[in-house]
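S.K.: Generate a structure from the sequence data that follows.
(2 chains)
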Amino acid sequence: DAKTTQPTSMDCAEGRAANLPCNHSTISGNEYVYWYRQIHSQGPQYIIHGLKNNETNEMASLIITEDRKSSTLILPHATLRDTAVYYCIVRVAQGSARQLTFGSGTQLTVLP
Amino acid sequence: KAGVTQTPRYLIKTRGQQVTLSCSPISGHRSVSWYQQTPGQGLQFLFEYFSETQRNKGNFPGRFSGRQFSNSRSEMNVSTLELGDSALYLCASSLGTAEAFFGQGTRLTVV
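M.R.: Numbering: from 1, shown residues only, chains lettered A, B, ... in the order given. The predicted structure follows:
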């Protein structure tokens, strides 16, 4: 699976958009970008994933650059409950090895 | 639809003992994976089971083992516990893709 690089930490004001970047310059053509988050002491929560088109769901939007070497997770109106560690993971969607390789992630702190 | 259920939520064991943790996946999910999370090493993959067969294993010693039953429920066992085994153990279920659903975890403390 491709390696990812994320900032260690970010702050965001409550009600504003939180934009979390992720670099994955070695991504392969069949690899997807997945985002998970982990609120303190809870299990990770799946947020969204995409291959090359931008994706949106009820939680967030995922913007993937045209060359697919980087992406941005957008939380449109951050709330205090969005404070968590956000993990960007790049891997194939299916295959014999289905483990997720979590890096250090980005600690997002939403400030009141 | 019920989520992934892990039991127990908290556990305290003594060095040298063994422990068994349980995971009930989301109904219909046949893939169950286990992860260990520690402050120093982060989230690390232990193993994955699919239809009662271990399909993949992380880099952990043989003291860590698991199994899956015909109803997809899974257990993991750690024998001869060491202080370093203190961690949050997480179970995740999926339909076989990387979109996984995690339980709340079992917090194991070895004293």
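
S.K.: Am I right that A:R81 is in a helix?
M.R.: Yes: A:R81 forms part of a helix when assessed by DSSP: H, G, I helix; E, B strand; the rest coil.

S.K.: ok, it - contacts?
M.R.: Neighbour list for A:R81: A:39, A:110 [criterion: CB atoms under 8 Å, 6 or more residues apart in numbering or on different chains]. (C-beta placed from N, C-alpha, C; glycine too.)

S.K.: Next, work out how far apart it and A:G105 are.
M.R.: A:R81 sits 17 Å away from A:G105, going by CB to CB, to the nearest Å.

S.K.: what's the answer for A:M10, then?
M.R.: Relative to A:G105, A:M10 is positioned 11 Å away (criterion: CB to CB).

S.K.: Could you check stretch B:41-61 against chain A for contacts?
M.R.: Yes: counting by CB under 8 Å from any CB of the partner chain, chain A has neighbours in stretch B:41-61: B:42-45, B:48, B:55-56, B:58.

S.K.: Low-confidence regions, the chain specifically.
M.R.: No chain specified, so I'll use chain A. By pLDDT under 70, the low-scoring segments of chain A are A:1-2, A:93-98.

S.K.: if you could check chain B rather than the one you did, that'd help
M.R.: Under the criterion pLDDT under 70, the flagged ranges of chain B are B:1.

S.K.: In it, which residue sits nearest chain A?
M.R.: Across chain B, no residue is closer to chain A than B:F102, which sits at 3.2 Å (CB to the nearest CB).

S.K.: For the most centrally placed residue in chain A, give the beta-bridge partners.
M.R.: The C-alpha lying nearest the average C-alpha coordinate of chain A belongs to A:W35 (CA atoms, centre = their mean; 3.3 Å). Using DSSP bridges, the beta-bridge partners of A:W35 come out as A:I48, A:C88.

S.K.: That one reaches A:Y87, doesn't it?
M.R.: Yes: A:W35 sits in contact with A:Y87 when judged by CB atoms under 8 Å, with a separation of 6.9 Å.

S.K.: just to revisit the earlier point, what helix or strand does the closest residue to the residue of chain B closest to chain A other than its chain neighbours sit in?
M.R.: Computed as CB to CB, 6 or more residues apart in numbering or on different chains, the closest residue to B:F102 that is not its neighbour in sequence is A:G43, at 3.2 Å. Under the criterion of DSSP states H and E, A:G43 resides outside all helices and strands.

S.K.: what about the residue of chain B closest to chain A, neighbour count?
M.R.: 24 (other CB atoms under 10 Å in any protein chain shown).

S.K.: again, but for B:E82
M.R.: Neighbours of B:E82 using other CB under 10 Å come to 12.

S.K.: ok now do it, which residues does it touch?
M.R.: Contacts of B:E82 were listed using CB under 8 Å, 6+ apart, and they are B:15, B:110.

S.K.: And for A:L51?
M.R.: For A:L51, the contact set (CB under 8 Å, 6+ apart) comprises A:32-33, A:64.

S.K.: Against chain B, how distant is it?
M.R.: 12 Å (CB to the nearest CB, to the nearest Å).
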